[in-house]
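> Predicted model, plus sequence, below.
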Amino acid sequence: MVKWDVLIGKIITWFVIELVIDAAGLDQIADYGEFLEDQFHQAGQVVMLNSYKI
C-alpha cells in the first residue's frame with residue numbers, strides 16, 4: 001500500500017504544480033519559447049536551402 005500512497009502523492013504534487021504554473025501564466029511563456037525555437041529552426045533550414053542553390 002505504501003507504493004500507492006507515494007504514487008498518489010506524486011500525482012497530486014504534479015497536478016498542484018501544473019495549476020500554479022498555469023495560474024502564474026508561465027505555461028504561455030514556455031509555449032512561446034517553443035514557438036520561437038521552431039521559428040529559428042525553420043529560418044535556419046531556409047538559409048541552408050538557399051546556400052545549396054548557389
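Cool, the structure landed. Numbering: from 1, shown residues only.
> Mind listing what's buried along stretch 16-33?
For stretch 16-33, the neighbour count (16 or more other Cβ atoms under 10 Å) marks no residue as buried. C-betas here are computed from N, CA, C, even on glycine.
> Residue 41 and residue 32: what is the separation?
Residue 41 is 15 Å from residue 32, where distance means Cβ to Cβ, to the nearest Å.
> now do residue 7
33 Å.
> what about residue 7, helix or strand, and which?
Applying DSSP states H and E as the criterion places residue 7 in helix 2-24.
> Kindly export that helix (C-alpha atoms) in CSV.
The C-alpha trace of helix 2-24 is given here as CSV (Å, rounded to 0.1, in the frame of the first residue of the first chain):
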residue,chain,number,x,y,z
VAL,A,2,3.0,2.3,0.5
LYS,A,3,3.8,2.4,-3.2
TRP,A,4,0.2,3.5,-4.0
ASP,A,5,0.5,6.3,-1.4
VAL,A,6,3.7,7.5,-2.9
LEU,A,7,2.2,7.4,-6.4
ILE,A,8,-0.9,9.3,-5.4
GLY,A,9,1.2,11.8,-3.6
LYS,A,10,3.4,12.4,-6.7
ILE,A,11,0.3,12.7,-8.9
ILE,A,12,-1.3,15.3,-6.6
THR,A,13,2.0,17.2,-6.3
TRP,A,14,2.3,17.3,-10.1
PHE,A,15,-1.3,18.4,-10.5
VAL,A,16,-0.8,21.3,-8.0
ILE,A,17,2.4,22.4,-9.7
GLU,A,18,0.7,22.4,-13.0
LEU,A,19,-2.1,24.6,-11.6
VAL,A,20,0.4,27.0,-10.1
ILE,A,21,2.3,27.3,-13.4
ASP,A,22,-0.9,27.8,-15.3
ALA,A,23,-2.2,30.4,-12.9
ALA,A,24,1.1,32.3,-13.0
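> Cool, thanks, signing off.
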